[in-house]
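Q: give me a 3D structure for the following:
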Amino acid sequence: MPALNSPLESPSAGAFHRDAKVIGLVASAHCLSHFFQLALPPLFLLLKAEFGVSYAALGAVMSVFYVASGFCQFGAGFAVDRFGARPVLLGGMALLAGGTALTGAAPAFGWLFPLAALMGIGNGVFHPADFAILNARVDPRRLGHAFSMHGVGGSLGYALAPVCSYALGSALGWRTALVLLGIGGFVALCLVASQARLLVTQGHRGNTPRAGQGFAMFLQTPVLLCFLFFSLLTTATIGIQTFGAAALNSAYSVPMVIATSAITGYLLGSTTGIVAGGFLAGRTRRHDVVAATGLTIGAALLLLVAVAPMPAAWLIPIFVVAGFALGCTGPSRDMIVRGVTPAGASGRTYGFVYSGLDLGSTIGPVCAGLLLDHGQPRMVLVLIAGFLLLAIATVMQARRGAAPREASIAAAE
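A: This is a model prediction of the structure:
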């Protein structure tokens, strides 16, 4: 197994206030990433009216974003390990904010595709950079909470984006809205850059990768299983977020106000679960059990909704509980990835593994949309539950590969 991380990558101790600042900065950056992922969709109606394009074409713009993000996420991991996480993170924030502002000045619809790719490239740096910083700068005893707050930051970004983007677009037009959002991103960049000394990680310029740290590292079974886990999980969760309400409405004629409230409840439950999951991750080394339990509960509840018609009012609490259960798995899954990460390869490992998020984000809406188009709304929920159940097998197997490394980390701590 790989050696333990260097002191920078796995600090033995650290003042609480310093750790809190690092966690706050990284969580804020992650919030910005998720915010800009949803900056365009709330403006689709306005874009459609101005350019006279179909929803499929607008969806293709977001597909370009996620494909670019996935490829960049993989490459950004190498950049993080070579140059350190700080310049990569700040550069990504600049590209994301700049791409958003430039989109507001797009002279024709075709320009949205390269600009979405630019934004996707900026978005792709966050996971490898964020997790490299947290592993390097935060006391290992607080990593469960660090991963929890990282997830909460992303959830807040998702929650804030539709409100801010739609409100600005309705009041000022979509072009002005995107320019203002981009400027806001640069303001956030300046605030994070002012504390950049807290984001330093050790690069490895000119170093020859250790055994198992070249491309062969990505073929190691635990790393591949983690990648597959994130792909399956995100395929399921993005399906809930994008077409969950439509599936409930089509399957049971549930009023859209209740269907959308159920999805909102799911997102709120997920955010609360992420917080609770931080405490769980800090109190157990069986992160696979935590993840498997949450996935099982979430899958069971979605299957229940799919096969057993029930009063519409029950849907909201069911989706809240499902969201909470799935949210609890977040910090534990991040700890499992940490366990399979070779020393000196945090960026590459996290970049590769978390590119599964972008793959799932590309696949999930397509699968759910096809089922809805073919009049199978209940099967959307069944399919989502199936992906969650498949994810259980991957996370349990991945943890077996992580166990020896977790034991060595625990001994060092």
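Q: show me where this structure dips below the pLDDT cut-off.
A: Within the chain, the stretches with pLDDT under 70 are 1-14, 203-217, 344, 399-413.
Q: list the contacts for S332?
A: S332 makes contacts with G277, L280, A281, T284, H287, D288, V290, A291, as judged by CB atoms under 8 Å, 6 or more residues apart in numbering. For glycine as for every other residue, the C-beta is placed from the backbone atoms N, C-alpha and C.
Q: same deal with V320?
A: With contacts defined as CB under 8 Å, 6+ apart, the neighbours of V320 are G265, Y266, L268, G269.
Q: and G323, by the same measure?
A: Taking CB under 8 Å, 6+ apart, we find G323 in contact with G265, Y266, L267, L268, G269, S270, T271, T272, G273, G298.
Q: now P309
A: Listed by CB under 8 Å, 6+ apart, the contact partners of P309 are Y252.
Q: all helices for the stretch 51-200 of the chain, in order.
A: Listed in chain order, the helices of the stretch 51-200 of the chain (DSSP state H, counting those that start in this stretch) span 55-83, 85-103, 112-123, 126-137, 143-172, 174-193.
Q: which elements pack onto the first one?
A: In this case it means helix 55-83. Using 3 or more CB pairs under 8 Å, 6 or more residues apart in numbering; DSSP states H and E as the contact criterion, the neighbours of helix 55-83 among helices and strands are helix 44-51, helix 85-103, helix 112-123, helix 126-137, helix 346-373.
Q: pull the fourth one out as CSV, backbone CA atoms only.
A: Translated: helix 126-137. Extracted as CSV, the C-alpha positions of helix 126-137 are listed here (Å, rounded to 0.1, in the frame of the first residue of the first chain):
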residue,chain,number,x,y,z
PHE,A,126,-13.2,22.4,-7.8
HIS,A,127,-13.3,18.8,-6.6
PRO,A,128,-9.7,17.9,-7.0
ALA,A,129,-8.6,21.3,-5.7
ASP,A,130,-11.1,21.4,-2.8
PHE,A,131,-10.3,17.9,-1.5
ALA,A,132,-6.6,18.3,-1.9
ILE,A,133,-6.8,21.5,0.3
LEU,A,134,-9.0,19.9,2.9
ASN,A,135,-6.8,16.8,3.2
ALA,A,136,-3.7,18.9,3.3
ARG,A,137,-4.8,21.7,5.7
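Q: what is the orientation angle of it with helix 55-83?
A: Here helix 126-137 runs at an angle of 30 degrees relative to helix 55-83 (axes from the mean of the first three to the mean of the last three CA atoms, to 10 degrees).
Q: could you tell me the angle between helix 126-137 and helix 346-373?
A: Going by the same axes, to 10 degrees, helix 126-137 is angled at 140 degrees with respect to helix 346-373.
Q: gap between the two ends of stretch 41-58?
A: Taking CA to CA, to the nearest Å, the first and last residues of stretch 41-58 lie 8 Å apart.
Q: which positions within it qualify as buried?
A: For stretch 41-58, the neighbour count (16 or more other CB atoms under 10 Å) marks P41, P42, L43, F44, L46, L47, V53, L58 as buried.
Q: and these as a markdown table, adding distance to C226?
A: Compiled in a markdown table, the buried residues of stretch 41-58 are given as follows (distance: CB to CB, whole Å):
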| residue | distance to C226 |
| --- | --- |
| P41 | 28 |
| P42 | 32 |
| L43 | 35 |
| F44 | 33 |
| L46 | 39 |
| L47 | 36 |
| V53 | 38 |
| L58 | 32 |
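Q: of those, closest to N135?
A: Sorting these by distance to N135 puts P41 at the head of the list, at 32.2 Å, by CB to CB.
Q: nearest residue to the closest one other than its sequence neighbours?
A: By the measure of CB to CB, 6 or more residues apart in numbering, the closest residue to P41 outside its immediate chain neighbours is M62, 6.9 Å from it.
Q: closest to A312 out of the helices of the stretch 51-200 of the chain?
A: Evaluated over these, closeness to A312 peaks at helix 143-172, with 23.2 Å, by CB to CB.
Q: report the angle between that closest one and helix 44-51.
A: Using the same axes, to 10 degrees, the inter-axis angle of helix 143-172 relative to helix 44-51 is 40 degrees.
Q: on contacts alone, who are the packing partners of helix 143-172?
A: helix 16-37, helix 126-137, helix 174-193, helix 256-283, helix 312-340.
Q: would you mark the buried spots in stretch 287-303?
A: For stretch 287-303, a neighbour-count test (16+ other CB under 10 Å) marks 287-288, 290-295, 297-299, 301-303 as buried.
Q: can I get these in CSV with secondary structure and distance to A136?
A: Rendered in CSV, the data for those read as follows (DSSP: H, G, I helix; E, B strand; the rest coil; distance: CB to CB, whole Å):
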residue, secondary structure, distance to A136
H287, helix, 20
D288, helix, 24
V290, helix, 24
A291, helix, 24
A292, helix, 29
T293, helix, 30
G294, helix, 28
L295, helix, 29
I297, helix, 33
G298, helix, 32
A299, helix, 35
L301, helix, 38
L302, helix, 37
L303, helix, 41
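Q: could you dump those into TSV with distance to D334 added?
A: TSV is the format used below for those (distance: CB to CB, whole Å):
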residue	distance to D334
H287	9
D288	13
V290	11
A291	10
A292	15
T293	16
G294	13
L295	15
I297	19
G298	18
A299	20
L301	23
L302	23
L303	26
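Q: of those, which is the nearest to R338?
A: Distances from R338 to those, taken as CB to CB, are shortest for H287 (9.2 Å).
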